[in-house]
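In: sequence first, predicted coordinates after that:
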Amino acid sequence: MPAPPERDYFAVFGLARRMNIDPAVLEKHFYSLSREMHPDNFYRASKEEQESSLEQSARLNDAYRTLRDPFARTEYLLTLEGCQVEKKGSGIPPELVEEVFELREWLAAVRATASEHAPNAHRTEIQQQLAAAKLTLEQRLQASRADLQALFVRWDQVIDSGGSVLERAAILEGMGNVLARQKYLQNLASEVSATLDG
């Protein structure tokens, strides 16, 4: 059995660092490699080979979980490329920060005044407002996913054409900004959903 590969997650699957990955192809590779590396295949092997098999299986599972999710894949690529992934406030437009601040204040007021004894009309109005806020956030999250997909296309083109370091850096910065914005919006969407459910 070969030694565990000292390679990145893309290389585990024999992939270049391209961002548009066909999920069906990835899954097929994953199941094929899983069968090949499964620890049950090495029950008669030496202790070192058994441990190596376990390590490879764990690495394969981590690689698959990371690469099948576009946002996890983006965060992983940024890490591989030496980019700082989590810059607080990075990539978040100031107008969105202000809007989110106002929405959070409104959510706090809703939670503070929420009561089972409030008139039905008032509760219904608040629920409608929360549902509208949730829909707006879902639309922004969808737009964020579209922005990320456009950056995936640009990244793959630069990788395929052997583009410059500056081109790569600009795309990576854009991905980092989208990722930061996505996390920010997801956290807010969770708050709105929790308030709506409560």
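Out: Received it, and whenever you're ready, just let me know what you need. A quick note: this is a predicted structure, and the numbers were derived from the prediction, not measured. Numbering: from 1, shown residues only.

In: tell me the domain boundaries of this structure?
Out: 9-68, 94-197 (automatic domain parsing).

In: endpoints of the first one, how far apart?
Out: This points to domain 9-68. Distance between the boundary residues of domain 9-68 (CA to CA, to the nearest Å) amounts to 11 Å.

In: nearest to E81, of the domains of the chain?
Out: Across the domains of the chain, E81 has its closest neighbour in domain 94-197 (5.6 Å, CB to CB). Glycine gets a C-beta too; all of them are placed from N, C-alpha and C.

In: span of that closest one from start to end?
Out: Domain 94-197 has an end-to-end distance of 29 Å (CA to CA).

In: circling back: can you lay out the domains of the chain as TSV showing mean pLDDT and mean neighbour count?
Out: As requested, the domains of the chain are exported to TSV (pLDDT from 0 to 100; neighbours: other CB atoms under 10 Å):
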stretch	mean pLDDT	mean neighbour count
domain 9-68	87	15
domain 94-197	84	14
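
In: now distance to Q84 too, for those domains, in a markdown table please.
Out: Below are the domains of the chain laid out as a markdown table (distance: least, CB to CB, whole Å):
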| stretch | distance to Q84 |
| --- | --- |
| domain 9-68 | 18 |
| domain 94-197 | 8 |
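
In: for E75, find the nearest of those.
Out: Nearest to E75 among the domains of the chain is domain 94-197; the distance by CB to CB comes to 6.1 Å.

In: fine by me, thanks again.
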